[in-house]
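Undergrad: let's see this in three dimensions:
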Amino acid sequence: MALTAPLDVVVVMDPIHTIKTTKDSTFAMLLEAARRGHRLHYVRPGGLAVRDGQAYAVVASLTVRDVPGDHFSLGDWQEHVFGHGQVVLMRTDPPVDAAYLHDTQTLSLARRQGALVVNDPQGLRDFNEKLAAQLFPQCCPPTLVSRDATALKGFVANQGEAVLKPLDGMGGRSIFRTHAGDPNLNVILETLTDGGRHLAMAQRFIPEITEGDKRILLIDGVPATHALARIPQGDEFRGNLAAGGRGEGRPLTARDRWIAEQVGPLMRERGMLFVGIDVIGDWLTEVNVTSPTCIRELDAQFGLNIAGQLFDCIERRVAHG
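TA: Predicted coordinates for the structure are as follows:
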């Protein structure tokens, strides 16, 4: 069953004037939606609200164009009540703090009113991007999540070399590479756990990081044909593009496809239509559900249209109710 009318596509994102259009996956989605004739609406930052049990947003009509420095225009601000025939792209970056969680609760009301929310707001609340990988332990390196500095220190000693990170970071922030006997280990653990108040994750260090931290995009549970390997540069061990990593596209390996097959069905079942999984060597390290990126880089390198695949899926879902 094909769509017979344009959709109202409502985007909740970080301030649109700040984005880098050549790298921004949300912008790729907006360009594709516009190409298909859908109506775009930009939610004013902080503009989600509820009145008498009805979720709405303060929005402006949005026009996008692939012109750096002149990539958007906005109409007048007005209230927009969510309902059927609407798609909400929830694309703000972490942290997943109280304000973010409250926005997802508002979007759960929007979903109840008939809007399709991408990704599903309940899943956004349930799937912490570090912990979600632990739903698939067969895919992951040895991992410990704890507030206990002694336990974490013992894990590092057993593994010899490990990576320590908070559960709520993004872009490689606050990730530490450490080793048994590291004189800085105690203060690293004090910092990450805030003296035992916060959970921290320890994972065995994967030497194949030198070959890249691969981002594999899942569209309704199915992987794109290529991954973007984010390769550390200089004396940096982190591959994140935000930490200076270089992006290099690669076809998926057999192991990449196997990991995607483990993760994909649950993501599809839970309404997580656009997910980025991170794979270093043979190991799954993260399942990114809030605002995964790399569409534009992969499209440019391989002539893909990943946002087109996503909107094919969105339109099918809307058509089938």
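Undergrad: please count neighbours and contacts with C-alpha atoms only from this point.
TA: Noted.
Undergrad: pLDDT weak spots in the chain?
TA: For the chain, the stretches flagged by pLDDT under 70 are 1-4, 170-172, 234-244.
Undergrad: the longest strand seen in it pairs with which strands, and in what direction?
TA: Across the chain, the longest stretch assigned as strand under DSSP state E is strand 39-51. Within its sheet, strand 39-51 is paired with strand 8-12 (parallel), strand 54-64 (antiparallel), according to DSSP bridges.
Undergrad: pull out the buried residues from the last one.
TA: The one in question is strand 54-64. Residues of strand 54-64 classed as buried: 55-64 (neighbour count, 16 or more other Cα atoms under 10 Å).
Undergrad: cool, and stretch 313-321?
TA: 313-315, 318.
Undergrad: name the nearest residue to V117, sequence neighbours excluded.
TA: The spatial neighbour of V117 that comes closest, neighbours along the chain excluded (Cα to Cα, 6 or more residues apart in numbering), is V88 at 4.7 Å.
Undergrad: can you count the residues close to the one you found?
TA: Neighbour count of V88, defined by other Cα atoms under 10 Å: 22.
Undergrad: ok, what's across the strand from it?
TA: According to DSSP bridges, the residues that bridge with V88 are V10, V117.
Undergrad: that one is in contact with L116, isn't it?
TA: Yes - at 6.1 Å, V88 counts as touching L116 under the criterion of Cα atoms under 8 Å.
Undergrad: circling back: tell me the contacts of the residue nearest to V117?
TA: If a contact means Cα atoms under 8 Å, 6 or more residues apart in numbering, then V88 has 9-12, 115-118 as its contacts.
Undergrad: return the distance of it relative to V81.
TA: Applying Cα to Cα, to the nearest Å, the value for V88 to V81 is 12 Å.
Undergrad: can you report how many residues neighbour H102?
TA: The number of residues packed around H102, counting by other Cα under 10 Å, is 15.
Undergrad: nope, L89 is what I meant
TA: Residues lying near L89 (other Cα under 10 Å) number 21.
Undergrad: domain parsing for this protein?
TA: 8-122, 142-204, 207-288 (automatic domain parsing).
Undergrad: among the ones you listed, which is the most enclosed?
TA: Burial of the domains of the chain is given as mean neighbour count (mean count of other Cα atoms under 10 Å); domain 207-288 ranks first at a mean of 20.
Undergrad: ok now it, how far from the chain's centre?
TA: Relative to its chain's centre, domain 207-288 lies at 11 Å (Cα atoms, centre = their mean, to the nearest Å).
Undergrad: now what about stretch 60-79, what contacts it?
TA: Taking Cα under 8 Å, 6+ apart as the rule, stretch 60-79 contacts 16-17, 20-22, 30-31, 34, 39-44, 56-59.
Undergrad: repeat that for stretch 155-167.
TA: 128-131, 144, 174-181, 192-193, 199-205.
Undergrad: those in helices, which ones?
TA: Secondary structure from DSSP state H places 192-193 of those in helices.
Undergrad: mind checking which of the contacts of stretch 155-167 are in strands?
TA: Members of the contacts of stretch 155-167 lying in strands (criterion: DSSP E): 144, 176-179, 200-204.
Undergrad: and the strands paired with strand 39-51: which comes nearest D97?
TA: In terms of Cα to Cα, the element of the strands paired with strand 39-51 nearest to D97 is strand 8-12, at 15.7 Å.
Undergrad: so what's V145 up against?
TA: Counted by Cα under 8 Å, 6+ apart, V145 has contacts 152, 199-202.
Undergrad: and if we set it to 6 Å?
TA: For V145, the contacting residues are 200-201, by Cα atoms under 6 Å, 6 or more residues apart in numbering.
Undergrad: and it, how far is that from T293?
TA: 26 Å.
Undergrad: kindly report the same for L48.
TA: Applying Cα to Cα, the value for L48 to T293 is 23 Å.
Undergrad: for the stretch 51-200 of the chain, what spans make up the strands?
TA: Secondary structure of the stretch 51-200 of the chain (DSSP state E, counting those that start in this stretch): strands at 54-64, 72-81, 86-90, 116-118, 143-146, 161-166, 176-179, 200-204.
Undergrad: distance to A254 added to those, as JSON lines?
TA: As requested, the strands of the stretch 51-200 of the chain are exported to JSON lines (distance: least, Cα to Cα, whole Å):
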{"stretch": "strand 54-64", "distance to A254": "38"}
{"stretch": "strand 72-81", "distance to A254": "40"}
{"stretch": "strand 86-90", "distance to A254": "31"}
{"stretch": "strand 116-118", "distance to A254": "28"}
{"stretch": "strand 143-146", "distance to A254": "23"}
{"stretch": "strand 161-166", "distance to A254": "26"}
{"stretch": "strand 176-179", "distance to A254": "28"}
{"stretch": "strand 200-204", "distance to A254": "22"}
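Undergrad: perfect, that will be all.
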